[in-house]
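> make a model of this:
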Amino acid sequence: MRWRHPCKAQPRPDPSRDTAADRPIVRQNRMKQFDNNELSKRVDEVLFYVWDPIGVQPEPRARSEYESYVPKVRSLVEENDNIGPISAYLAEIVRNRMALSLNSKHCDHVAELLLEHKKAIKEGLA
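From the prediction side, this is the model:
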């Protein structure tokens, strides 16, 4: 049997016979399945670029500084629709693990931003 290129093996459709009934139905749905990988990426970016309690954001070599907090923060964002638990966890890190002075309003702002990212991903606007 002679080899045939895969693109040439398929017969070309006759454009004169094309009807809407012959085409498959493709539905555009703005709601997409919630994407945990996307949320993890967003959490990582918000922690580094917005939260950044030790001020390492300008240093490219410090990009992974807050990666160890991403799984727990992502979990809190997934499980909650209010800022309380997320902000409290961020404040605990700043106060107890980093021994820095706490700016609770900043932690609240970061928690709000994280919940907005979760909402955008759920609505397919991400």
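
> show the average pLDDT along stretch 107-114.
For stretch 107-114, the mean pLDDT works out to 98.

> mind listing what's buried in that stretch?
107-108, 110-111, 113-114 (16 or more other Cβ atoms under 10 Å). No exception for glycine: its C-beta is placed from N, CA and C like everyone else's.

> out of those residues, who's nearest E59?
V110 (19.6 Å; Cβ to Cβ).

> outside of the helix or strand where that closest one lies, which residues touch it?
Using DSSP states H and E, V110 falls within helix 104-122. Identification of contacts with helix 104-122 by Cβ atoms under 8 Å, 6 or more residues apart in numbering yields 31, 34-35, 38-39, 42-43, 46-47, 50-51, 73, 77-78, 80-84, 86-88, 90-91, 94, 126.

> let me see the contact set for Q57.
48-49.

> does it count as helix, strand or coil?
Look at Q57: counting by DSSP: H, G, I helix; E, B strand; the rest coil, its state is coil.

> got the confidence number for it?
pLDDT, Q57: 95.

> that one and E123, how far apart?
28 Å (Cβ to Cβ, to the nearest Å).
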